[in-house]
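Asks: Sequence and predicted model, in that order:
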Amino acid sequence: MEHPRGGDIYRRHADFVFRRIVDECILVPVRQSVARLETIYTLNEVGAHVWERLDGQTTVDHVLAGVVAAFEVQPAQARKDLLRFLRAL
C-alpha cells in the first residue's frame with residue numbers, strides 16, 4: 001500500500017460504528033458477526049481523535065496538526081504514528 005500523503009483525505013468506513021463506553025473507545029462492525037471478538041477494535045484517545053476527524057473532508061495534514069495540538073506530541077512522532085494508523089485501516 002502506498003504511504004498516505006499530507007493532502008490525502010480519508011473517510012470513516014461505513015461498516016464500523018464508533019462508540020465511547022465509559023473510558024473505552026471502540027469500533028464495532030455492523031456488517032459482520034459481532035460474535036467474532038477479533039473484529040471489535042479498541043482505540044486509545046489519540047486513535048479516537050483521529051477516527052472522529054476522518055470525515056471525508058479533512059486532509060491528513062490537518063488531522064496531524066490536530067493531534068500535535070491536542071496531545072502535545074512532537075510532529076515527527078505524530079506523523080509516524082498517524083501514517084501507521086491510517087495504513088492499518
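Replies: On my side now, so go ahead.

Asks: Can you tell me the SS state at the most centrally placed residue in the chain?
Replies: The residue lying closest to the centre of the chain (Cα atoms, centre = their mean) is W51, at 3.4 Å. Taken by DSSP: H, G, I helix; E, B strand; the rest coil, the conformation at W51 corresponds to helix.

Asks: for Q77, same thing?
Replies: Secondary structure state of Q77, per three-state DSSP, is helix.

Asks: Domains in this protein, by residue range?
Replies: Annotated domains of the chain cover 14-43, 45-89 [automatic domain parsing].

Asks: among these, which gets the worst mean confidence?
Replies: Ranked by mean pLDDT, the domains of the chain bottom out at domain 14-43, with a mean of 79.

Asks: give me the number of residues near V50?
Replies: 23 (other Cβ atoms under 10 Å). All C-beta spots, glycine's among them, are computed from the backbone N, C-alpha and C.

Asks: And it, how close does it get to T39?
Replies: Distance of V50 to T39, computed by Cβ to Cβ, to the nearest Å: 19 Å.

Asks: With A76 instead?
Replies: For A76, the distance to T39 - Cβ to Cβ - is 32 Å.

Asks: Neighbour count for the two, which is higher?
Replies: T39 (15 against 9).

Asks: ok, so what distance separates the more buried one from Q57?
Replies: For T39, the distance to Q57 equals 27 Å [Cβ to Cβ].

Asks: picking that back up, check contacts around the closest residue to the residue nearest to the centre of the chain other than its chain neighbours.
Replies: In space, and not counting its chain neighbours, W51 is closest to F18: 5.8 Å by Cβ to Cβ, 6 or more residues apart in numbering. F18 is in contact with R12, C25, I26, L27, A48, W51, E52, counting by Cβ atoms under 8 Å, 6 or more residues apart in numbering.

Asks: Many thanks, have a good one.
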